[in-house]
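A.B. asks: A structural model of the following input is requested.
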Amino acid sequence: MAGAGPAHPPCQLLDERYEITSLIKRGGMSVVHKGYDRRLKRICAVKEMAPFFSTTRDQAYARKRFEEEALILARLRHENLPIIYDYFVEGTGYYLVMEFIDGEDLETLLHKNKDRGFAEGKVVSWAGQILPVLEYLHGLTPPIIYRDLKPSNIMLREDGLVVLVDFGIAKTLITGGSVPCTLVGSEGYAPPEQYQGKAFPQSDLYALGATMYSLLSGQRPIPFGFQPLRTVVPMASDRMERIVAKALRREVNERFSTAREMLDALASVNSTSREDEGKSLYVFRMKVGGPGQGRTQFCGPQGIAVGPDGNVYVADPGNRRILKLGPQGALLKSWSHELHGEGDPDFFSGLASDPTGNIYVADTFGDRILKFDPQGGLLLEWGTFGSENGKFLRPCGVASDRNGNIHVADCGNQRIQVFDESGKFLHTFGSYGSDAGRFQHPTGIALGPDGSIYVSDGTRNRVQKFDPNGGFIKKWGVKGSQEGEFCGIRGIAADFAGRVHVADSGNNRIQSFGADGDFLSEFGSYGSADGRFKDPTGIAVDSSWTLFVVDTGNNRIQAFAFSYRGGSSK
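C.D. replies: Residues are numbered from 1 along each chain as shown. Below is the predicted model of the structure:
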């Protein structure tokens, strides 16, 4: 088996299409370059994997397996995975062309932090984004085992999103083939079974446990020689130590059985008890606003969105404007545009940000969608009154997926419509009714990290979950005031860990659920004190799991941080 070959010089052209511009990373089995796709005119990452075998027979086998796995990887779609654009074989090199991730890997950041380790809250946030990726990969048919999870293979973007990169030795669980796989992962992070040529979903959980240990302690893990976490990180919580220890068990069947089980355990880190977790996983952080027409005052605020830069956008229809706030609430920009429905108590105005930072507004009584750049410049508008595809009847919610496609809750037509970034109609799903997959009053829409679509129905008082193509998966909720019940449900948001957050307006509270509707937490009650609400209508979440809630009746925005040790993650 050969090691990684030399880096390609700048300006070299591969596959008559991909121009090499610079070296990104060199590993033992691969070299990653920054490249430029001359055909589609976009920046990309070009990864060359070393030739695996020397004989003609084994090379043919390796090429066949590479092409099979490249096709599988190209079909993957998840918020925390790079998109695979292309693959090819040229000379002795095997190449994957993928989305270029602009950021730094966690190993580099650890070194910049002088190997002192990171705060527990940060590590929980990062691991909480990785586990849904593993759940997605392990749930495929056949499952995909990543097999090389470590800090250097986790990229952190500027907006806080982590992306799992480097699928050089990802291995589908397919038996057969005459050539044994001898790739075992990285020393210190690979579990014992990978040294025996075996890989299971729990193998990735072991590697994540080792990664968390390294990020918390600042130390590179010693193979199978982990000391209890709190002997090297005295400030680590009891629960964190137990979670890491369970993930690092030598026996496969003694670890967490699934990524979801580990994620659920992680959500309870440092809470005082399971009962307390059920009450609230969030603590009040700040508020901004008040009634009026001042710079950071509101008149019936409605929609809210968080951009990729962490800035917060709020629709203030009573003042006929949109406000752009910094993460700490400082006013950065405001702009006005002709918005319909001023003064109507049932007025909704959903907001969404796409991956490039453009802002979309559902102009409910104007029956149209408006697209702005981050500085408020109007880029596009589309839609008019009607029931045909591309027309609307009181659009309420709007959301963007990672590809920039726009999903609109077309409330009066009881359906979801999907458009590309230019406003071109793509497809629709849903119709009027009470059966699964149908709507009466779809008011909010959110997209999970795996592409799942969540729609809130204000009249049916329920949430429905759909696959990325609009296929019905699950529903939950009835009218009431108990856990998991709703009264006048409105806005909805999903975070990078797969949790779903709902603005339960009539009950003046926020409820949080797992990806499949399992109740996790609630907070809020009627009032004007911090942490209380009068008709919460909109909700958004940033990459650090901070919730921003539109408290319409109090004419303000409140922010709540995910709770660690019963306190704030900040």
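
A.B. asks: going forward, measure contacts and count neighbours with C-alpha atoms only.
C.D. replies: Noted.

A.B. asks: Report the secondary structure state of residue 204.
C.D. replies: helix (DSSP: H, G, I helix; E, B strand; the rest coil).

A.B. asks: who's in contact with it?
C.D. replies: 134, 145, 146, 147, 148, 149 (CA atoms under 8 Å, 6 or more residues apart in numbering).

A.B. asks: Those residues in strands, which ones?
C.D. replies: Within these, residues falling in strands by DSSP state E are residue 145.

A.B. asks: Need the max-distance pair from the contacts of residue 204.
C.D. replies: Farthest-apart pair in the contacts of residue 204 is 134 and 148; separation 12.0 Å (CA to CA).

A.B. asks: Please report how far residue 38 lies from residue 11.
C.D. replies: Going from residue 38 to residue 11 by CA to CA, to the nearest Å gives 12 Å.

A.B. asks: which residues are in contact with both of the two?
C.D. replies: residue 19.

A.B. asks: which among the contacts of residue 204 gets closest to residue 220?
C.D. replies: Lowest distance from residue 220 to these (CA to CA) belongs to residue 149, with 13.4 Å.

A.B. asks: Can you tell me, leaving aside adjacent residues, what's nearest to the closest one?
C.D. replies: Once flanking residues are discounted, residue 149 sits nearest to residue 207: 5.5 Å by CA to CA, 6 or more residues apart in numbering.

A.B. asks: Low-confidence ranges, the stretch 451-570 of the chain, go.
C.D. replies: Low-confidence segments of the stretch 451-570 of the chain, defined by pLDDT under 70: 563-570.

A.B. asks: As a check, name the ranges of all strands in it.
C.D. replies: For the stretch 451-570 of the chain, strands defined by DSSP state E, counting those that start in this stretch occupy the ranges 453-457, 462-466, 472-476, 489-494, 500-504, 509-513, 519-523, 536-541, 547-551, 556-564, 567-568.

A.B. asks: of all the contacts of residue 204, which comes closest to residue 408?
C.D. replies: Checking those against residue 408 with CA to CA, the nearest one is residue 134 at 28.9 Å.

A.B. asks: Quick check: closest non-adjacent residue to that closest one.
C.D. replies: In this structure, residue 134 finds its nearest non-sequential neighbour in residue 259, 6.2 Å apart by CA to CA, 6+ apart.

A.B. asks: Next one: that neighbour from residue 528, what distance?
C.D. replies: As judged by CA to CA, residue 259 and residue 528 stand 40 Å apart.

A.B. asks: So for these two, which sits in the more crowded spot?
C.D. replies: Between residue 259 and residue 528, residue 259 has the larger neighbour count (other CA atoms under 10 Å), namely 25 against 13.

A.B. asks: Just the mean pLDDT for the helix or strand containing residue 94, thanks.
C.D. replies: Following DSSP states H and E, the helix or strand that holds residue 94 is strand 93-99. Summarised as a single mean, pLDDT over strand 93-99 is 90.

A.B. asks: Sheet partners, orientation included, of it?
C.D. replies: Neighbouring strands of strand 93-99 in its sheet, by DSSP bridges, are strand 42-49 (antiparallel), strand 84-90 (antiparallel).

A.B. asks: now it: how far from the chain's centre is it?
C.D. replies: With CA atoms, centre = their mean, to the nearest Å as the basis, strand 93-99 stands 24 Å off its chain's centre.

A.B. asks: got it, and stretch 244-264?
C.D. replies: Centroid displacement of stretch 244-264 relative to its chain, using CA atoms, centre = their mean, is 22 Å.

A.B. asks: ends of that stretch, how far apart?
C.D. replies: Stretch 244-264: ends 13 Å apart by CA to CA.

A.B. asks: Which positions in that stretch come out as buried?
C.D. replies: Neighbour counts over stretch 244-264 (16 or more other CA atoms under 10 Å) mark 244-250, 252, 255-256, 258-260, 262-263 as buried.

A.B. asks: what does that stretch rub up against?
C.D. replies: Stretch 244-264 has contacts (CA under 8 Å, 6+ apart) with 128, 131-132, 134-135, 191-192, 201-203, 205-210, 212-213, 224, 228-229, 243.

A.B. asks: Tell me the buried residues within those.
C.D. replies: Among the contacts of stretch 244-264, those classed as buried by 16+ other CA under 10 Å are 128, 131-132, 134-135, 191-192, 201-203, 205-210, 212-213, 224, 229, 243.

A.B. asks: Among those, name the ones in helices.
C.D. replies: Counting by DSSP state H, the buried ones among the contacts of stretch 244-264 place 128, 131-132, 134-135, 201-203, 205-210, 212-213, 229, 243 in helices.

A.B. asks: most packed of the strands paired with strand 93-99?
C.D. replies: Highest mean neighbour count of these: strand 42-49, a mean of 23 (counted as mean count of other CA atoms under 10 Å).

A.B. asks: and that one, average pLDDT?
C.D. replies: Taken as a whole, strand 42-49 carries a mean pLDDT of 91.

A.B. asks: now it: how far from the chain's centre is it?
C.D. replies: Distance of strand 42-49 from the chain centroid (CA atoms, centre = their mean) equals 23 Å.

A.B. asks: So for whatever helix or strand comes next after that strand, mean pLDDT?
C.D. replies: Following strand 42-49 in sequence order, the next helix or strand is helix 56-74 (DSSP H and E). Helix 56-74 comes out with an average pLDDT of 80.

A.B. asks: could you measure the residue nearest to residue 284 when sequence neighbours are not counted against residue 122, distance?
C.D. replies: Once flanking residues are discounted, residue 284 sits nearest to residue 560: 4.5 Å by CA to CA, 6+ apart. Look at residue 560 and residue 122: by CA to CA, they are 16 Å apart.

A.B. asks: repeat for residue 57
C.D. replies: From residue 57 across to residue 122, the span is 48 Å (CA to CA).

A.B. asks: now swap in residue 247 and tell me
C.D. replies: Per CA to CA, residue 247 is found 18 Å from residue 122.

A.B. asks: Tell me which stretches of the stretch 101-250 of the chain form strands.
C.D. replies: 103-105, 144-145, 154-157, 162-164, 171-172.

A.B. asks: and the residue nearest to residue 269 when sequence neighbours are not counted, how many neighbours?
C.D. replies: Leaving aside its sequence neighbours, residue 269 sits nearest to residue 239 (CA to CA, 6+ apart; 5.3 Å). If you count neighbours by other CA under 10 Å, residue 239 ends up with 17.

A.B. asks: and what of residue 65?
C.D. replies: Residue 65 has 15 neighbouring residues, counting by other CA under 10 Å.

A.B. asks: Would you confirm that residue 547 contacts residue 539?
C.D. replies: Yes - in this structure, residue 547 is within contact of residue 539 by CA atoms under 8 Å, at 6.9 Å.

A.B. asks: Using CSV, lay out the strands of the stretch 451-570 of the chain together with mean neighbour count and distance to residue 318.
C.D. replies: Converted to CSV, the strands of the stretch 451-570 of the chain look like this (neighbours: other CA atoms under 10 Å; distance: least, CA to CA, whole Å):
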stretch, mean neighbour count, distance to residue 318
strand 453-457, 27, 24
strand 462-466, 23, 28
strand 472-476, 16, 33
strand 489-494, 30, 18
strand 500-504, 27, 20
strand 509-513, 23, 23
strand 519-523, 20, 27
strand 536-541, 30, 14
strand 547-551, 27, 14
strand 556-564, 23, 13
strand 567-568, 16, 33
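
A.B. asks: Among those, single out whichever gets nearest to residue 159.
C.D. replies: Nearest to residue 159, of all the strands of the stretch 451-570 of the chain, is strand 536-541, at 12.1 Å by CA to CA.

A.B. asks: Can you give the contact residues for that closest one?
C.D. replies: Outside strand 536-541, the residues that touch it by CA under 8 Å, 6+ apart are 302-306, 350, 490-495, 501-505, 508-509, 547-553.
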